[in-house]
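Participant: just a sequence and a predicted model for now, questions to come.
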Amino acid sequence: MNRGKVLIAAPVHPVLTGGLAQSGYDCVIHEHITQDAAYQLIKDCVGVITSTRIQLDKNLIDAAPQLAWVGRMGSGMEVVDLEYASQKGIACYSSPEGNCNAVGEHALGMLLSLIRRIPWSNSEIKHGLWHREENRGTELEGKTIGIIGYGHTGQAFAKKLAGFDMRILVYDKYKQESIPPHLVRCDSLLPIFDDAGIVSFHVPLQADTIHYFNEAFIAQMRKPFILVNTSRGIVVDTFALHKGIMAGKITGACLDVMEQEPLVAMDKDKYGLMSEILALPNVVVTPHIAGYTFEALYKMSKTLLQKIITG
């Protein structure tokens with residue numbers, strides 16, 4: 001039975017394309033698709049697999065009158081106009097279960113790299129320098145961290161931190177289900193403002209999370225702190241980040257995402273500030289790869305396949 005054409009507009013594991021083919025779908029792969037090209041390629045599709053390369057906005061959805069479902073590799077459904085898709089009867093699936101472990105591991109790796117000065121001491125050694133005292137690190141044990149957003153990635157990060165004997169504060173305005181006994185649920189941000197020496201964001205991109213981390217947030221932090229962001233770049237206000245670091249209120253930053261990506265896409269002012277931030281020895285930055293592992297590609301693909309097939 002031929003169930004129709006599916007546009008694969010993102011890198012996926014063969015478990016997804018193979019599974020869709022076995023279910024009767026005809027997969028057309030265009031991993032490097034552009035938004036303009038999508039209008040032609042999508043017009044006779046019943047399904048689309050995407051990541052961030054194309055935006056399933058109202059116009060693109062209207063260009064696909066047969067569209068029945070959309071699958072998102074990873075989390076972050078801001079790439080789809082969910083309200084309009086719902087009106088059109090289009091099912092939308094995401095797969096945050098597939099890359100949350102990868103993001104949790106990456107956040108932990110960045111944090112340890114920062115506080116133990118691994119990138120800089122490694123670079124110095126390779127240049128023949130032996131600076132022990134200058135690279136004396138600090139430990140996670142006994143520290144207080146605030147995790148903002150307790151969805152799949154927030155939970156994964158908290159799980160990774162469980163063995164470090166830290167005080168882990170968790171805040172999520174939307175989730176009220178029970179949490180493991182070693183964590184502390186916060187009804188507001190106040191405990192994090194008062195006690196945390198590390199703040200890590202694991203929130204989706206939506207209206208109330210744009211520039212969630214801003215000058216007002218920094219001002220309410222009672223003591224200097226480390227910022228970790230593996231969620232979305234626009235959650236952090238670049239101007240506030242720069243000001244906080246330069247003032248010494250932010251003692252370190254671990255950033256896998258930026259307000260505008262890649263760097264060359266930044267406007268002149270933000271690029272100038274980010275260039276200064278990148279040059280600092282207390283900042284660890286990676287190119288949006290937290291959830292980008294070989295294992296995550298497989299797990300996201302398998303998760304989407306299961307959701308699509310079961311409807």
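Facilitator: Looks like it arrived, so ask away. Numbers count the residues shown, from 1 in each chain.
Participant: all strands of the protein, in order?
Facilitator: Secondary structure of the chain by DSSP state E: the strands cover 4-9, 25-29, 45-50, 69-72, 91-94, 144-148, 167-171, 183-185, 198-201, 225-229, 250-255, 283-285.
Participant: mind listing what's buried in the third one?
Facilitator: It stands for strand 45-50. In terms of neighbour count (16 or more other C-beta atoms under 10 Å), strand 45-50 has its buried residues at 45, 46, 47, 48, 49, 50. The way it works is simple: take the backbone N, C-alpha and C, and place the C-beta from them, glycine included.
Participant: ok, which pair from these is furthest apart?
Facilitator: Spatial extent of those (C-beta to C-beta) is set by the pair 46 and 50 at 14.3 Å.
Participant: let me see the domain layout of this protein.
Facilitator: Residue ranges for each domain of the chain read 4-94, 98-285, as given by automatic domain parsing.
Participant: residue 304: which of these is closest?
Facilitator: domain 4-94 (4.4 Å).
Participant: first-to-last residue distance for that closest one?
Facilitator: With C-alpha to C-alpha, to the nearest Å applied, domain 4-94 spans 21 Å between its terminal residues.
Participant: and it, average pLDDT?
Facilitator: Averaging pLDDT along domain 4-94 yields 96.
Participant: just give me how far that domain sits from the chain centre.
Facilitator: Domain 4-94 sits 20 Å away from the centroid of its parent chain (C-alpha atoms, centre = their mean, to the nearest Å).
Participant: before we move on, what about stretch 230-238?
Facilitator: Remark: stretch 230-238 is offset 9 Å from the chain centroid, using C-alpha atoms, centre = their mean.
Participant: quick one on the thing from earlier: pipe the domains of the chain into JSON lines and attach distance to residue 303 per row.
Facilitator: Converted to JSON lines, these look like this (distance: least, C-beta to C-beta, whole Å):
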{"stretch": "domain 4-94", "distance to residue 303": "8"}
{"stretch": "domain 98-285", "distance to residue 303": "5"}
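Participant: which residues does the closest residue in space to residue 33 that isn't next to it in sequence bridge with?
Facilitator: The shortest distance from residue 33 to any non-neighbouring residue, by C-beta to C-beta, 6 or more residues apart in numbering, is to residue 9 (4.7 Å). The bridge-partner assignment for residue 9, based on DSSP bridges, gives residue 50.
Participant: and the closest residue to residue 239 other than its chain neighbours, how many neighbours?
Facilitator: Excluding the flanking residues, the one nearest residue 239 by C-beta to C-beta, 6+ apart is residue 273, at 6.5 Å. Counted by other C-beta atoms under 10 Å, the residues lying close to residue 273 total 19.
Participant: could you check how far residue 75 is from residue 114?
Facilitator: 24 Å (C-beta to C-beta, to the nearest Å).
Participant: let me fix that, I meant to ask about residue 216.
Facilitator: 25 Å.
Participant: only the buried residues of stretch 206-217, if you could.
Facilitator: 209, 211, 212, 213, 214, 217.
Participant: how about the contacts made by the first one?
Facilitator: Read that as residue 209. Taking C-beta atoms under 8 Å, 6 or more residues apart in numbering, we find residue 209 in contact with 203, 231, 232, 235.
Participant: ok, residue 35 next?
Facilitator: Contacts of residue 35 by C-beta under 8 Å, 6+ apart are 54, 55, 60.
Participant: which one of those is nearest residue 305?
Facilitator: Nearest member of those to residue 305, counting by C-beta to C-beta, is residue 54, at 20.0 Å.
Participant: next, the contact list for the closest one, please.
Facilitator: Residues near residue 54 by C-beta under 8 Å, 6+ apart: 9, 33, 34, 35, 38, 48, 60, 79.
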